[in-house]
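Visitor: What follows is a predicted protein model with its sequence.
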Amino acid sequence: MQGELALSAEAIVSLIGQHFALPGSSRLPVLLVAAAYRAAGARLGERAMPLLAHNAADVQTHAYGDLHVTLLNDEQIRTCYEMKMRRVTEHDLDHAMKKMATAPYLLDNYIFITTDAIDPHVQAYARRLYATTGVEFIVLDCISFLRHFLHLFYRLRVPFLDAYQELLLAEPESSVHHAVKEAFLAARLAAESSSRDEA
């Protein structure tokens, strides 16, 4: 085989999973989803809006969640992502609905991404909300989201990883500590070296 072998999708999933296990990683799921849109947004016809400060409360910023997505030619928010480093609860869904009630227009969907297990009762509750709100609510686990994305957009796996790294390094120290950034760079270098050795 000629040329350098890129990391496989599963190697990237493993790399990101290890990174999420570090202390001080609460900002990382937001960066993961933002990187996915940065890598595939043009193909999707959508873009993630600029990230808000990690420590800014939704009430202060008038944000509906952690990441807002629009169509490429439109400023209207179509999708909202909210990340949780714990289980998503029915209360979280109710709180999201209250925030949606103040929106000047109806969103298409509101997506919770969690690093914890998903309660089937909460998932069922989320599904029922569409009939009453017109907004589709869903709870996804972060690593499964990443795995599906990387296999669906397989040829974008390296641009995704580059976008994730770029977003990570651009985060201020108050959001992501230097040690977390250094750990990712070292782990990526080790994974890529190992991949080259196995090729």
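Guide: The structure has been received and is ready for your questions. Just so it is clear, the structure is predicted and the values come from calculations on it, not from any experiment.

Visitor: Residue 76 contacts residue 103, correct?
Guide: No: counting by CB atoms under 8 Å, residue 103 is not a contact partner of residue 76; they are 9.8 Å apart. Quick note: C-beta positions are derived from backbone N, CA and C, even for glycine.

Visitor: who touches stretch 19-34?
Guide: 16, 48, 51, 54, 66-67, 81, 83, 85, 113, 115, 142-143, 145-146, 163-164, 167-168, 171, 175-177, 179-180, 183-184, 187 (CB atoms under 8 Å, 6 or more residues apart in numbering).

Visitor: Next step: those residues restricted to strands.
Guide: 48, 67, 81, 83, 113 (DSSP state E).

Visitor: Need these in TSV (columns: pLDDT, distance to residue 151 and neighbour count).
Guide: Below are the ones in strands among the contacts of stretch 19-34 laid out as TSV (pLDDT from 0 to 100; distance: CB to CB, whole Å; neighbours: other CB atoms under 10 Å):
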residue	pLDDT	distance to residue 151	neighbour count
48	95	20	20
67	95	22	27
81	97	20	23
83	96	21	22
113	98	17	26
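
Visitor: could those residues go into a markdown table alongside distance to residue 41?
Guide: Putting these into a markdown table (distance: CB to CB, whole Å) gives the following:
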| residue | distance to residue 41 |
| --- | --- |
| 48 | 7 |
| 67 | 12 |
| 81 | 14 |
| 83 | 18 |
| 113 | 17 |
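
Visitor: Closest one of these to residue 155?
Guide: Nearest to residue 155 out of these is residue 48 (CB to CB; 19.9 Å).

Visitor: In contact with that closest one: list those residues for me.
Guide: Neighbouring residues of residue 48 by CB under 8 Å, 6+ apart: 33, 34, 37, 38, 41, 67, 68, 69.
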